[in-house]
Structure formats: structure tokens, C-alpha cells
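Student: how would this look folded up:
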Amino acid sequence: MPMQFLTDALEVNLHYWFDFPSAPCNTITTLYKSTILSNANRGTIMPIDTDKYNIKTVARCFQILDYASEQSGPISIQDVCTALDTNSNMAFRLLASLQNSGYMSKDPYTGLYAISLKTLKLSRSALQSQEIRKVTMPYLELLWNQFPKANVNMAVFYNGDVLMLDRIDTQSTPRTYFTPGRQLPFHCTALGKVLTCELPEAELDKLFHDKGLNRYTEKTITDAKALKEELAKVRKEGVARDRNEFIEGDNCSAVPVRGRDGRIIAGISVSALTSNMAVEEIEAAIPRLKDTASKISYVMGYTTQPGM
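Tutor: Numbers count the residues shown, from 1 in each chain. Prediction:
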């Protein structure tokens with residue numbers, strides 16, 4: 001089982017076990033994330049090209065995962081001691097951090113450790129994101145050919161963030177610029193709304209708490225109840241709208257792309273400044289946008305017509 005997709009590792013538990021200062025952990029986590037995003041188009045996960053930011057204990061946790069993935073069965077504390085050339089106390093702490101983070105499980109009877117199914121979730125997510133980027137681009141180009149005055153965008157929801165993966169810019173000027181990997185607010189962008197509209201209420205509440213509902217324009221929805229009503233409307237209509245909510249004078253419509261299991265795995269959108277396209281033109285693009293998303297979803301394995 002390849003371990004190169006593990007990127008968000010163990011920060012909280014490493015703080016607990018090793019009393020690391022927060023800044024280095026946050027830095028290394030951010031660097032791993034940005035490295036993945038910047039290399040998504042190449043379909044590979046590139047390592048950080050420097051030892052400057054290396055935290056030895058974090059690296060050791062990944063070494064344990066690499067070692068465990070190569071074994072035919074569970075591993076013991078002594079196995080880790082031998083593999084990492086460390087003492088039993090350190091081996092126990094590393095394994096406990098991995099266990100508390102959910103990346104390894106411990107057999108209560110034998111005391112042996114094994115890689116958990118959580119790693120499969122990370123691997124699947126990374127692979128799916130790369131696959132969908134390859135699949136969507138030809139369809140996005142066809143869509144853009146029909147609306148050259150608009151921007152055509154694709155984003156995913158990753159670890160609580162709306163991340164732009166692809167964008168084809170308008171031929172018109174002026175333009176708004178968003179590079180792949182840029183994070184967008186979830187509550188006031190059409191892509192953010194469509195990507196979060198089916199989250200369970202508990203997850204939504206946590207997202208509201210963690211990210212906040214910051215105001216960007218006079219049209220930004222900053223009330224949690226109003227936003228939930230907006231998301232319910234998105235679920236019902238199958239389209240999300242941003243009308244001057246994030247950027248003044250910018251309008252966007254987005255629809256969901258679904259994976260094999262029917263869940264939303266990405267969102268695609270058309271957006272434009274009002275000086276390039278009127279709101280009515282953005283609205284008129286919605287049927288074609290839905291048709292494009294339906295075709296992409298089919299290629300991604302979704303064969304049942306969704307409710308949205």
C-alpha cells in the first residue's frame with residue numbers, strides 16, 4: 001500500500017507527545033499540501049526539496065507507515081525499534097501518535113499494530129482528484145468554447161477547503177485571476193456552496209465554526225441560518241449561484257460532479273465580471289453547465305441520474 005499520499009499527518013498528537021511548537025508543524029503541513037496541489041497535474045506527489053523544514057519525529061512517523069506497508073502482517077514495538085534504530089519508549093510514542101491519529105490500529109490482544117483503513121481514504125481521494133482533473137479538462141474546454149467571455153472553473157473540497165484545480169480564463173478584459181491550488185471561501189462562492197451543500201449538518205456547523213462566515217461584499221451571506229437555507233436551495237435546484245457575494249461585480253454559477261458512489265467529488269462553474277457577461281447570460285449558461293457535469297460524472301463512474 002503506497003504511503004506517499006499521507007500529507008496531513010499527526011500534528012495534534014505530535015504536539016501532545018513531543019511538545020513541538022506550533023509554527024514548524026503548521027509550516028510543514030502547509031508545505032506538504034502546497035506541494036501536492038502544485039504537482040497535481042503531473043499525477044505524482046513530490047517530496048519537499050529541502051531538509052530545512054524537516055521535523056525528525058514527523059519523518060519517523062512516515063517511516064513507520066512505509067515500513068508497515070511493506071510487511072505481510074502487523075508489526076510490533078520491537079520491529080519499529082529495529083527498523084528505525086530507536087529505543088522502545090520512542091517507538092511506543094510514535095506508534096501511539098499514529099494510532100491516535102487514526103492511521104494505525106492496535107490489536108488489544110496481541111499488542112501489534114497495523115495500518116488502518118484511513119490511509120485508503122487518503123489514497124483514494126488523491127487519486128480521484130488527479131483522475132478528475134484529466135477527465136474534466138476536455139469538457140471544460142468545450143464549455144469555454146461556447147462561452148468565451150466567461151471563466152470556466154473546476155474545484156474540489158479538500159480538508160475543509162475549497163481548492164481550485166483548473167481554470168480557463170476569459171478572452172475578455174478585465175479579468176479576475178485564480179491560479180490552481182488557490183483556496184476559496186465556501187460560503188460566498190458558487191463552487192463552495194455546491195461542494196458543501198450535501199454535508200451533514202454537524203459537519204456544516206463545524207465548518208461554520210472553523211472557517212467563519214466572513215463578509216466580502218454587501219451581498220455576502222454571513223448568517224448561519226440563511227446560509228443553510230441557501231444550501232438547501234442548491235440541493236433542490238442542482239445549481240449554486242454567487243451574485244456579487246465574493247467579488248463585487250462578479251457572478252458565477254456552479255454545478256456538482258459526482259463520483260461512482262453518487263457523492264459530490266468536484267464542482268464546475270462559469271463566472272464572469274458583469275462588464276463581460278450580464279447576469280442573464282450567466283443564468284442562460286446553466287443548462288449547458290449541467291449537461292457538461294453530467295457527462296463528466298458518467299465518465300467518473302456515476303451512472304444513476306441524481307436528484308440534482
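Student: just checking, what's the longest helix in the chain?
Tutor: The longest helix of the chain (DSSP state H) is helix 118-146.
Student: Which strand residues bridge residue 168?
Tutor: residue 152 (DSSP bridges).
Student: wait, it sits on residue 145?
Tutor: No - using C-beta atoms under 8 Å, residue 168 is not in contact with residue 145; the gap is 9.5 Å. From N, CA and C alone the C-beta is placed, and that goes for glycine too.
Student: between these two, which one's more packed in?
Tutor: Using other C-beta atoms under 10 Å, the more surrounded residue of residue 168 and residue 145 is residue 168, with 19 against 10.
Student: Could you tell me which residues make contact with the more buried one?
Tutor: For residue 168, the contacting residues are 140, 141, 144, 151, 152, 153, by C-beta atoms under 8 Å, 6 or more residues apart in numbering.
Student: So which of those wins on neighbours?
Tutor: Neighbour count (other C-beta under 10 Å) singles out residue 152 as the most crowded of the contacts of residue 168, with 28 neighbours.
Student: Could I get the contacting residues of it?
Tutor: 140, 141, 143, 144, 167, 168, 268, 269, 270.
Student: which stretches of the stretch 101-250 of the chain have low pLDDT?
Tutor: Across the stretch 101-250 of the chain, the ranges flagged by pLDDT under 70 are 123-130, 171-181.
Student: quick one, helices of it?
Tutor: 118-146, 190-196, 201-211, 224-237 (DSSP state H, counting those that start in this stretch).
Student: does the residue positioned nearest the centre of the chain have beta-bridge partners, and which?
Tutor: With distances taken as C-alpha atoms, centre = their mean, the residue of the chain nearest its centroid is residue 158 (1.6 Å). In this entry, residue 158 is beta-bridged to residue 161, by DSSP bridges.
Student: For residue 186, see how far away it is.
Tutor: As defined by C-beta to C-beta, to the nearest Å, residue 158 lies at a distance of 11 Å from residue 186.
Student: which one of the contacts of residue 152 is nearest residue 294?
Tutor: For those, the closest approach to residue 294 (C-beta to C-beta) belongs to residue 268, at 10.7 Å.
Student: who touches that closest one in this structure?
Tutor: Residue 268 neighbours (C-beta under 8 Å, 6+ apart): 136, 140, 143, 152-154, 254-255, 257, 289, 292-293, 296.
Student: Pipe the helices of the stretch 101-250 of the chain into CSV and attach distance to residue 87 per row.
Tutor: Shown next, in CSV, are the helices of the stretch 101-250 of the chain (distance: least, C-beta to C-beta, whole Å):
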stretch, distance to residue 87
helix 118-146, 26
helix 190-196, 46
helix 201-211, 37
helix 224-237, 50
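Student: Identify, out of these, the most deeply packed stretch.
Tutor: With neighbours defined as mean count of other C-beta atoms under 10 Å, these peak in mean count at helix 190-196, which reaches a mean of 28.
Student: other SSEs contacting that one?
Tutor: If contacts are counted by 3 or more C-beta pairs under 8 Å, 6 or more residues apart in numbering; DSSP states H and E, helix 190-196 sits against strand 151-158, strand 161-168, helix 224-237, strand 240-243, strand 250-258, strand 264-273.
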